[in-house]
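K.L.:
Sequence first, then the predicted structure:
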Amino acid sequence: MSNITCPRFLFRPGRLLVTPEAMATLRAHQIPIISVVLRHVSGDWGCISEDDARQNDLSITAGLRLLSIYPLPDSARILVVTEWDRSETTIELIGNMECCTPPRGPTSAQARYPRWPATDYQTWRHA
């Protein structure tokens, strides 16, 4: 008998988008993109706050956006975000995010999440 266990996937990541900077950084550290994705879809949220982890756990069944942050050996951090409809998962270096101007009024939930320039993405395909 083997002691190997398969991770339990909590959701489908949809289309995978990776910024060139994130891809280069992961390659430099010899970290396969798939290992980042597997951690994310199995509920290992990395180094996010306890509140964000609880929100992610609720978001799986409620159909909301999911967020993970993984530290790298050089103190860089990788952000992984799966959209609410599970259509896309984006991998980005935290230092490369653009901040949105927060909307006015009490419903500013959109201000908690970054906006990425769409032209900077590459769709990852396993070789």
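P.N.:
All right, it came through fine.

K.L.:
which residue ranges form the helices in the protein?
P.N.:
With helices called from DSSP state H, the chain shows them at 20-28, 33-41, 50-62.

K.L.:
now for the second one, which elements pack on it?
P.N.:
On a contact count with 3 or more CB pairs under 8 Å, 6 or more residues apart in numbering; DSSP states H and E, helix 33-41 meets strand 15-18, helix 20-28, strand 66-71, strand 77-82, strand 88-93. Using the backbone N, CA and C atoms, a C-beta is placed for each residue, glycine as well.

K.L.:
mind listing what's buried in it?
P.N.:
33, 36-37, 39-41 (16 or more other CB atoms under 10 Å).

K.L.:
what does the last one give?
P.N.:
For helix 50-62, the buried set under the neighbour-count rule, 16+ other CB under 10 Å, comprises 52-53, 55-56, 59.

K.L.:
again, but for the first one
P.N.:
Within helix 20-28, the residues scored as buried using 16+ other CB under 10 Å are 22, 25-26.

K.L.:
any weak-confidence spans in the protein?
P.N.:
The chain contains residues with pLDDT under 70 at 1-2, 4-6, 96-127.

K.L.:
any idea how far residue 82 is from residue 28?
P.N.:
Taking CB to CB, to the nearest Å as the measure, residue 82 falls 24 Å from residue 28.

K.L.:
and if you look at residue 73?
P.N.:
Distance, residue 73 to residue 28, by CB to CB: 10 Å.

K.L.:
now do residue 42
P.N.:
Distance from residue 42 to residue 28, by CB to CB: 24 Å.

K.L.:
go on, residue 88?
P.N.:
24 Å.
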